[in-house]
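In: Give me coordinates for this.
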Amino acid sequence: MRLILTTASLVLALPLAALAQFAANRPASASPDAASASSQADGASLAYTCRGCHGIAGYKNAYPSYRVPKLVGQSEVYLRNALNEYRQGKRQHPTMQAQAQSFSEADINAIAAYLASLKSK
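Out: I've put the predicted structure just below:
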């Protein structure tokens, strides 16, 4: 059982470490237009791992069993609030709390803006 928990921890921790390193090494933007373009690109890059659970039609969490919500088509305000609530511990889900805690406020804004800009199919 210990090996399974350790493997599961590594599977969850590696993407988080990569995201944290990406966020720490991003250059600052020089102009508002550059900031907007950079934010959109950052949002796309940061939201990449979200697709692992939220981008699969009909995906269910193993335990407890529930459907994982789709993110595409959600409002920017909802997405921003949800990530902030996970980060603050107001929403309870260990993976989502760890993900949200690895993001800065700017990261959360970029992710929410990017996901809200996508159209559901």
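In: Return the helix or strand in this structure with minimum mean pLDDT.
Out: helix 2-24 (a mean of 48; mean pLDDT, DSSP states H and E).
In: Please name the residues that touch the closest residue to P69 other than its chain neighbours.
Out: Closest residue in space to P69, ignoring its immediate chain neighbours: H54 at 6.8 Å, by CB to CB, 6 or more residues apart in numbering. Quick note: C-beta positions are derived from backbone N, CA and C, even for glycine. By CB atoms under 8 Å, 6 or more residues apart in numbering, H54 lies in contact with V68, P69, K70, L71.
In: How many residues are close by the third one?
Out: What it means is K70. Look at K70: counted by other CB atoms under 10 Å, it has 14 neighbours.
In: Kindly state the pLDDT recorded for it?
Out: With respect to pLDDT, K70 has a value of 84.
In: how far away is it from K119?
Out: 12 Å (CB to CB, to the nearest Å).
In: Same check on I108?
Out: 21 Å.
In: Look at those two and report which has more neighbours.
Out: More crowded of I108 and K119, by other CB under 10 Å: I108, with 21 against 6.
In: and for K70 and K119, which residues touch both?
Out: In contact with both K70 and K119: no residue, using CB under 8 Å, 6+ apart.
In: so where do the helices sit in the protein?
Out: 2-24, 32-46, 51-54, 76-88, 94-101, 105-117 (DSSP state H).
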